[in-house]
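Undergrad: could you look at this predicted model? Sequence included:
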Amino acid sequence: MEFFKGKCKHDKFSPDKDFGYCPDCGELIENQWFIVRCACCGVKHKAVIKNGQIVPVEKFCHNCGAKEFITERINKINFIDINYAVLVKTIIPNEHFEYTQSWAESKETSNYTHKLLQQFR
Ligand SMILES: [Zn+2]
Ligand SMILES: [Zn+2]
């Protein structure tokens with residue numbers, strides 16, 4: 001099918017969900033929001049994606065003149081940050097979830113051990 005050639009941009013996947021499946025390609029997508037701040041004074045800059053990189057629109061900080069920027073991931077987008085932030089629809093590989101699950105299991109085990117230890121005191 002012509003449709004699946006090239007990279008899917010997941011345009012139909014809603015930006016207000018945290019996770020979900022893209023209706024076009026069926027991949028598991030996570031909406032990740034990023035903002036760019038001046039590394040010097042911390043002022044937020046409007047960010048864009050250029051060649052797969054998150055970069056500020058301006059070449060230097062309008063506040064202090066610095067040219068160094070830091071990219072910061074934000075967990076929850078709000079109506080102020082949405083003017084600055086870029087949305088990156090990231091494909092989550094399945095291994096990621098398996099890894100999280102095994103981590104959760106090992107945590108449960110350690111809690112259990114902890115309880116056992118408490119009983120011995
Ligand atoms: Zn897609
Ligand atoms: Zn600055």
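TA: Great, that's in hand. Residues are numbered from 1 along each chain as shown. Ligands and ions are numbered 1, 2, ... in the order given.
Undergrad: and residue 79, which of the three is it?
TA: coil (DSSP: H, G, I helix; E, B strand; the rest coil).
Undergrad: pretty sure residue 92 sits against residue 32.
TA: No: taking contacts as C-beta atoms under 8 Å, residue 92 lies outside contact range of residue 32: 10.0 Å. Backbone N, C-alpha and C define where each C-beta goes, glycine included.
Undergrad: more neighbours, the two?
TA: residue 32 (17 against 13; other C-beta atoms under 10 Å).
Undergrad: tell me which residues touch the more buried one, please.
TA: For residue 32, the contacting residues are 73, 87-90, by C-beta atoms under 8 Å, 6 or more residues apart in numbering.
Undergrad: from those residues, which ones fall inside helices?
TA: Using DSSP state H, no member of the contacts of residue 32 sits in helices.
Undergrad: residue 23 and residue 11 touch, don't they?
TA: No: with contact defined as C-beta under 8 Å, residue 23 does not reach residue 11; the gap is 9.6 Å.
Undergrad: what sits closest to residue 14 if chain neighbours are left out?
TA: residue 20 (7.3 Å; C-beta to C-beta, 6 or more residues apart in numbering).
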